[in-house]
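Please work out how this folds:
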Amino acid sequence: MPTPIGKDRPQPWNKGLLVGQKRPLEPKHVWSIRVRLEIARSRRDLAIFNLAIDSKLRACDLVKLRLDDVCSGLKVRHRATIVQKKTGRPVQFEITEQSRNSVEALLLMLRTTGSRYLFPSRLHASPHISIRQYARLVHRWVKSIGLDSASYGTHSMRRTKAAQIYRKTGNLRAVQLLLGHTKLESTVRYLGIEVDDALNIAEQVEL
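Residues are numbered from 1 along each chain as shown. Here you go, the predicted structure:
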């Protein structure tokens, strides 16, 4: 007879929690969150949100972005390259006009602080925001537009643009490069591609 959960048997760590891949945001969600941040005039949060969508970076790389990674003086570059913490390999990403504008607005505030980091922490113990702080921001953003925050997380931000690129082009190799994956199989798993998706793409190709 199985031992009941209690003093002699600890509860599973994920009891009551939604586990597994976090959903990407839909374009309407991105628009709604962006509008709310603009109305609130939250320069820092808007810059983090826009750059998170564009860069498709893991949280550990996004929070550590330095000014020199994306800026040349007071201007934000159209493209940037960083070395990923997880793989040790470089990855490039685009910085759209919307992201450039929000980051440049943030620069005016950052220049007075002397921070080398794009998203400095408001706590003295850390030079930049933590992954936990970033995760709290993501949950706050999705809740603000009525979404279930348990279904979304920092990986939602990383997956959002990648998922849209795949849906519009079906180009897995392009998505693999943009996410910085070393193996195509990782990209397939990350996007949650099923056999039906693959067949739909195949049906559009005539030889």
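
got any ranges where the protein has weak pLDDT?
Scanning the chain with the threshold set as pLDDT under 70 gives 1-20, 124, 193-199, 201-202, 205, 207.

for it, what spans make up the helices?
In the chain, the helices defined using DSSP state H lie at 27-39, 43-55, 59-62, 67-70, 97-110, 131-144, 154-169, 172-179, 184-191, 195-203.

list the buried ones in the third one?
Of the residues in helix 59-62, 59, 61, 62 count as buried by neighbour count, 16 or more other CB atoms under 10 Å. No exception for glycine: its C-beta is placed from N, CA and C like everyone else's.

separation between the second one and residue 82?
Residue 61 sits 6 Å away from residue 82, going by CB to CB, to the nearest Å.

how about a markdown table for the buried residues of helix 59-62, with distance to residue 39 added?
Shown next, in a markdown table, are those (distance: CB to CB, whole Å):
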| residue | distance to residue 39 |
| --- | --- |
| 59 | 26 |
| 61 | 29 |
| 62 | 24 |
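
which one of the residues you listed sits closest to residue 187?
The closest of the buried residues of helix 59-62 to residue 187 turns out to be residue 61 (CB to CB; 17.2 Å).

any idea which of the helices of the chain is most buried?
The highest mean neighbour count among the helices of the chain, using mean count of other CB atoms under 10 Å, belongs to helix 43-55: a mean of 23.
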